[in-house]
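please find the sequence and the predicted model below.
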Amino acid sequence: MNKLDNNCIAIFGASGDLTQRKLIPALYHLYITEQLSDSFSILGISRTEYSDTDYQAKIKSALKDSEKLEDSEQLDTFCSHIHYQPLNTADAENYGQLKTRLAQLGEQYQTGGNIIFYLSTPPSLYGVIPECLAAHGLNSEEDGWKRLIVEKPFGYDKASALALDDQLHRFFQEEQIYRIDHYLGKETVQNLLVFRFSNGLFEPLWNRNYIDHVEITAAEALGVEGRGGYYDGAGAMRDMFQNHLLQVLGMVTMEPPALINANSIRNETVKVFQSLHPLDERALNEDLILGQYTSSKVRGDELPGYREEKGVAEDSRTETYVGLKLFIDNWRWNGVPFYVRTGKRLPTRVTEVVIHFKKTPHPVFGQNTPENKLVIRIQPDEGILMKFGLKQPGAGFHSQEVSMDFRYDSLDGAQVLTAYERLLLDAIKGDPTLFARSDAVLACWDFVQPILDFSRNNPTLYGYACGTWGPKEADELLSRDGREWRFPCKNLTDTEYCEL
């Protein structure tokens, strides 16, 4: 591993949930596995008043609870690298104090002015904080590199995405901006590239000549979990489809990059987003299913409907389920339908891609033969499952479905980084490969904006009971084409229908 530059990680929103649940644990794991630089500091920034000692105690307690840790010298040493700066993040004058504090930490830890600014804040501050940093020269790379990590959402619609893009680029160069989508940090999403392009067995079949259709599913068993106020202004289309699922689609369908570097890989995913077939009025009416979960009794528990959740309007039209049939207008994928779905309060938490291969054209062996499927499980029980037909024992030549599978947890000694560990480490290295580029974000909004406009003016919102796989109309989306969804379970190889 190349030696990392010493650096400071400055986290705006340091008293928030994301910092304590994801960012600090990720940095701690990188520290104990000796993957951070020799000298580093973490500076928490928020409005709340804490001293360094108080904030260190807070973080130590949170780490002990979440990671089930005991007091140790290693934990104490890590926490000693954590500091805190109270700041009114919307007031540019206050940033003079931040500049002074960063200079002190730079001298103490010999960071050479290398700083990552992580915006773990409400989106309303994504444009404000860069401007305030620039007002005090904290965007300048004259004294070391400066990188800005921005959490999703990257805009609320196309217009706001363009406005945010303009705001960010007024103060930071594109090379300094790291738009983080934690789905791209998952090992199995990255493995799509290696699996496809390093295996002569699969890549020749990865096109319209051999693939009948593709499913992409991102199911969540939970509801909005106290985030009703946020979610009611976002919905499944903005929260999951526009970013996570389109990024997965890009990795599944991209062409092989000329080089294994950030520009080559991201150039190919952008081409996919630019090739998405625009949804016309017919497609919006027939190939788009929007749903909202309703109350239901699941395993003896009464689960509330979406409109009964705290912070959700009683007459809310926000979708908690999206099912969509889409096409990609290029040589490789022309005519192949992609069925994409995501929803809350479904039977289980699972994200996977299913490649359905065409049946054999042989008139004898093509009858009643199992379909060849390749299941790429992103979470949980990460792995790959291949289904194909073999002869049933006994007389005749009847076939039955069998499977072969691989799971990541079967790799001895494999150290699989979590999504945030991988992405934070890449940002420190200055590798933007797994971060969304500006043109990719805007190309995704180009495709999604007509859906938002349509859903705003269209009253059709289908109900589905908690613990089911969504509206029955989503099943009809496939059944009219003679197809059906795969109903996955938590375990990759389970074959029973999974419903609570």
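Thanks, I have the structure now.

please enumerate the strands of the stretch 401-500 of the chain.
462-465 (DSSP state E, counting those that start in this stretch).

can you show me the CA trace of the helix or strand harbouring Gln85 as CSV?
According to DSSP states H and E, Gln85 maps onto strand 82-86. In CSV, the C-alpha atoms belonging to strand 82-86 read as follows (Å, rounded to 0.1, in the frame of the first residue of the first chain):
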residue,chain,number,x,y,z
ILE,A,82,-10.3,13.7,17.8
HIS,A,83,-10.8,17.4,18.4
TYR,A,84,-13.8,19.7,18.4
GLN,A,85,-14.6,23.2,17.1
PRO,A,86,-18.0,24.8,17.9
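
now Pro432: phi and psi?
For Pro432, the backbone dihedrals (degrees, to the nearest 10) come out as phi -90, psi 10.

ok, back up a step: what's the strand holding Gln85 in contact with?
Taking contacts as Cβ atoms under 8 Å, 6 or more residues apart in numbering, the residues outside strand 82-86 that touch it are 14, 24, 41-52, 54-56, 59, 97-98, 101, 105. The C-beta positions use only the backbone N, C-alpha and C, and glycine is treated the same way.

and the gap between Val350 and Glu220?
Val350 sits at a distance of 9 Å from Glu220 (criterion: Cβ to Cβ, to the nearest Å).

rewinding a little: what angle separates the next helix or strand after the strand holding Gln85 from strand 82-86?
Toward the C-terminus, strand 82-86 is succeeded by helix 95-109 as the next helix or strand (DSSP H and E). Angle, helix 95-109 to strand 82-86, by axes from the mean of the first three to the mean of the last three Cα atoms, to 10 degrees: 160 degrees.

which residues sit against helix 95-109?
Here helix 95-109 has contacts from 6, 8, 10, 39-41, 43, 45, 81, 83, 85, 87, 111-113, 115, 132-133, 135-138, 144, using Cβ under 8 Å, 6+ apart.

buried among those residues? Make that a ChimeraX selection.
Only the buried entries of the contacts of helix 95-109 go into this ChimeraX selection, using 16 or more other Cβ atoms under 10 Å:
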select :6,8,10,39,40,41,43,45,81,83,85,87,111,113,115,132,133,136,138,144
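
where does pLDDT dip in the protein?
Scanning the chain for pLDDT under 70 picks out 1-2, 362-368, 395-398, 400, 412-415, 493-500.

determine the longest helix present in it.
Taking DSSP state H as the criterion, the chain has its longest helix at helix 438-457.

pull out the buried positions in that helix.
Those would be 438-445, 447-452, 454-455, for helix 438-457 by 16+ other Cβ under 10 Å.

please, where are all the strands along the stretch 151-300 of the chain?
Under DSSP E, counting those that start in this stretch, the stretch 151-300 of the chain gives strands at 177-180, 211-219, 288-294, 296-298.

these: which one's closest to Phe241?
Taking Cβ to Cβ, strand 211-219 is the member of the strands of the stretch 151-300 of the chain nearest to Phe241, at 8.5 Å.

against which helices or strands is that closest one packed?
Here strand 211-219 touches helix 246-253, strand 338-343, strand 350-357, going by 3 or more Cβ pairs under 8 Å, 6 or more residues apart in numbering; DSSP states H and E.

using CSV, lay out these together with mean neighbour count.
Listed next are the helices and strands packed on strand 211-219 as CSV, based on neighbours: other Cβ atoms under 10 Å:
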stretch, mean neighbour count
helix 246-253, 24
strand 338-343, 24
strand 350-357, 21
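
out of those, nearest to His277?
So among the helices and strands packed on strand 211-219, strand 338-343 is nearest, using Cβ to Cβ, at 9.9 Å.

how about the closest one as CSV, C-alpha atoms only?
Extracted in CSV, the C-alpha atoms of strand 338-343 (Å, rounded to 0.1, in the frame of the first residue of the first chain):
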residue,chain,number,x,y,z
PHE,A,338,-34.6,-3.6,-17.1
TYR,A,339,-37.1,-4.0,-14.2
VAL,A,340,-36.0,-1.9,-11.3
ARG,A,341,-37.8,-1.7,-7.9
THR,A,342,-37.3,-0.3,-4.4
GLY,A,343,-39.5,0.0,-1.5
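
other SSEs contacting it?
strand 211-219, helix 246-253, strand 321-326, helix 472-479.

report the distance from the first one to the chain centre.
Right, strand 211-219. Centroid separation for strand 211-219 versus its chain: 17 Å, with Cα atoms, centre = their mean, to the nearest Å.

likewise for stretch 15-25?
Taking mean C-alpha positions (Cα atoms, centre = their mean), stretch 15-25 and its chain are 17 Å apart.

same question for stretch 86-93.
30 Å.

what about that stretch, how long is it end to end?
13 Å (Cα to Cα, to the nearest Å).

again, but for stretch 457-464
End to end - Cα to Cα - stretch 457-464 spans 21 Å.

give me the contact list for it.
So stretch 457-464 is contacted by 284, 289-294, 317, 319, 321, 343, 470-474 (Cβ under 8 Å, 6+ apart).

okay, now the domains of the protein?
7-151, 184-418+438-479 (automatic domain parsing).

closest one to Ala163 among these?
That would be domain 7-151 among the domains of the chain, by Cβ to Cβ, at 7.7 Å.

ok so, going back, from the chain's centre, how far out does the longest helix of the chain sit?
17 Å.

same check on stretch 341-349?
With Cα atoms, centre = their mean, you get 15 Å for stretch 341-349.

then stretch 291-309?
So, by Cα atoms, centre = their mean, the centroid of stretch 291-309 is 25 Å from its chain's centroid.

which positions in that stretch come out as buried?
So stretch 291-309, judged by 16+ other Cβ under 10 Å, has buried residues 291-296, 298, 303-307, 309.

which ones among the contacts of strand 82-86 lie within strands?
Under the assignment DSSP state E, the contacts of strand 82-86 contribute 41-46 to strands.

closest to Asp409 out of the residues you listed?
For these, with Asp409 as the reference and Cβ to Cβ as the criterion, the closest is Ile42, at 30.4 Å.

contacts only, for that closest one.
Ile42 neighbours (Cβ under 8 Å, 6+ apart): 8-9, 11, 24, 27, 81-83.

10 Å instead?
7-11, 14, 19, 23-24, 27-28, 31, 36, 55, 59, 78-79, 81-84, 105, 116, 118 (Cβ atoms under 10 Å, 6 or more residues apart in numbering).

got it, and Ala92?
Contacts of Ala92 (Cβ under 10 Å, 6+ apart): 128-129, 131-136.

same check, this time on Val128
89-92, 119, 121-122, 167.

at 8 Å instead, please
Contacts of Val128 (Cβ under 8 Å, 6+ apart): 89-90.
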